[in-house]
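Novice: I'll drop the sequence and a predicted model, then ask my questions.
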Amino acid sequence: MTLAATTHEARSGRRAGRSAATAAPRPGQRASRRRNLLWVALFLSPWLIGFLVFTAWPVMYSGYLSFTDYDVLTDPEWVGLENYERMLADPDVRLSLWNTFYFTAIQVPLQVVVALALALLLNQAGRAAGFFRTAFFLPKMTPPVAVGILLLLLFNGQDGLINQVLGWFGIEGPAWTTDPAWVKPGLILMSLWSVGSSVIILLAALRNVPSELYESARVDGASFFQRTVTITVPMISGPIFFIFVVNSIAGFQTFTESYTAFFGSGNTTYSNDAALFFAIYLFRQAFEFLEMGYASALAWLMFVIILIVTLIQLRVSRRFVYYEGEQR
């Protein structure tokens, strides 16, 4: 047997020994792994228990209730697909879905654009950026109920601040809170009040864009707009996509501000229909009319819609979102 053959055989034996050791751990190693798994389970148990009790079980139970007639006061009565058939014939479902899609389709892109513009300005602010980051984020801390009341004060058609400012330029402001054609645009503008969190996320992303790319673009004579479109947006497309998805989910569930402004305290003005979002209609069916079975069916419809929209966004993102180190 030659020396090369002997060496090859020895190496093969060592590899086989390592493979056998990996495939069949010693009793001490198995005990150590079990202890590690027990510790992992112990530390995860508070979250697991909370998830099972407060998320998984309510979701499953609401699925059962969606096939029943349940008014909280009496036991659920099985009705099969009756609640879902009722949804197909309910004009308020169509109205609330239209209002919700209208609001989300305009509010989400507008918020992303405004957040990106503010983040670009803050990125040039230098030492003052810390102050402005705090200033932009503070409105996010305002309770949503207070934002709903603030909407009525700012957008009041008679003496609201927005119409007063428009009057300085000779523009007659619309009746934001009573004209059905202007209710949703007013709510969309008011939603920009909480754009601060998106600004902070995009500002952090901008700080990670390599400066060499901008320097090369300047040498080539690229303008600020060209640098933004060809460098900034592609390099931070991941955070932009994250904000787009999160804000879309929040847009479909918008509730508090609109409910406070147009449905709270017995408000019965005719503009209510223009502000009737799907989450508000679901809430009223559940807690005002005690139609818990029907409300559960509405909740599952909302879940399916959000799931479909999110999956579409994830599919589209494969073409437009860039991740550093990704292989194309």
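Specialist: Received the coordinates, thanks. Numbers count the residues shown, from 1 in each chain.
Novice: Enumerate the positions of stretch 249-259 that are buried.
Specialist: 249-259 (16 or more other Cβ atoms under 10 Å). C-beta here means a position set from N, CA and C on the backbone, and glycine is covered the same way.
Novice: what bits of the protein have low per-residue confidence?
Specialist: 1-25, 27-28, 265-271, 324-328 (pLDDT under 70).
Novice: which stretches of it form strands?
Specialist: 68-69, 77-78 (DSSP state E).
Novice: And those strands: which comes nearest residue 264?
Specialist: strand 68-69 (28.4 Å; Cβ to Cβ).
Novice: what's the spacing between residue 114 and residue 77?
Specialist: 49 Å (Cβ to Cβ, to the nearest Å).
Novice: In terms of neighbours, single out the busier of these two.
Specialist: residue 114 (14 against 10; other Cβ atoms under 10 Å).
Novice: and among the strands of the chain, the most buried is which?
Specialist: Across those, averaging neighbours per residue (mean count of other Cβ atoms under 10 Å) puts strand 68-69 on top, at a mean of 18.
Novice: any residues touching that one, and which ones?
Specialist: 76-79, 82-83, 293 (Cβ atoms under 8 Å, 6 or more residues apart in numbering).
Novice: Between the two ends of stretch 260-273, what distance do you get?
Specialist: 14 Å (Cα to Cα, to the nearest Å).
Novice: same check, this time on stretch 42-59
Specialist: First residue to last in stretch 42-59 (Cα to Cα) measures 25 Å.
Novice: what comes up buried for it?
Specialist: Under 16+ other Cβ under 10 Å, stretch 42-59 has no buried positions.
Novice: Now find how far off-centre it is within its chain.
Specialist: On the basis of Cα atoms, centre = their mean, to the nearest Å, stretch 42-59 sits 22 Å off its chain's mean C-alpha point.
Novice: Then stretch 306-316?
Specialist: 12 Å.
Novice: So which bits of it are buried?
Specialist: Applying 16+ other Cβ under 10 Å to stretch 306-316 flags residue 309 as buried.
Novice: Report the backbone C-alpha coordinates of it in PDB.
Specialist: These are the backbone C-alpha positions of stretch 306-316, laid out as PDB (Å, rounded to 0.1, in the frame of the first residue of the first chain):
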ATOM      1  CA  ILE A 306     -55.300  42.100   5.300                       C
ATOM      2  CA  LEU A 307     -53.600  38.700   4.600                       C
ATOM      3  CA  ILE A 308     -54.300  38.900   0.900                       C
ATOM      4  CA  VAL A 309     -53.000  42.500   0.700                       C
ATOM      5  CA  THR A 310     -49.900  41.700   2.600                       C
ATOM      6  CA  LEU A 311     -49.100  38.600   0.500                       C
ATOM      7  CA  ILE A 312     -49.500  40.800  -2.700                       C
ATOM      8  CA  GLN A 313     -47.100  43.400  -1.200                       C
ATOM      9  CA  LEU A 314     -44.600  40.600  -0.300                       C
ATOM     10  CA  ARG A 315     -44.900  39.300  -3.900                       C
ATOM     11  CA  VAL A 316     -44.400  42.700  -5.500                       C
END
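Novice: Other residues contacting that stretch?
Specialist: Contacts for stretch 306-316 (Cβ under 8 Å, 6+ apart): 241, 244-245, 248-249, 252-253.
Novice: could you redo the residues you listed as JSON lines and give each row distance to residue 222?
Specialist: Formatted as JSON lines, these follow (distance: Cβ to Cβ, whole Å):
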{"residue": "241", "distance to residue 222": "24"}
{"residue": "244", "distance to residue 222": "26"}
{"residue": "245", "distance to residue 222": "30"}
{"residue": "248", "distance to residue 222": "32"}
{"residue": "249", "distance to residue 222": "36"}
{"residue": "252", "distance to residue 222": "38"}
{"residue": "253", "distance to residue 222": "40"}
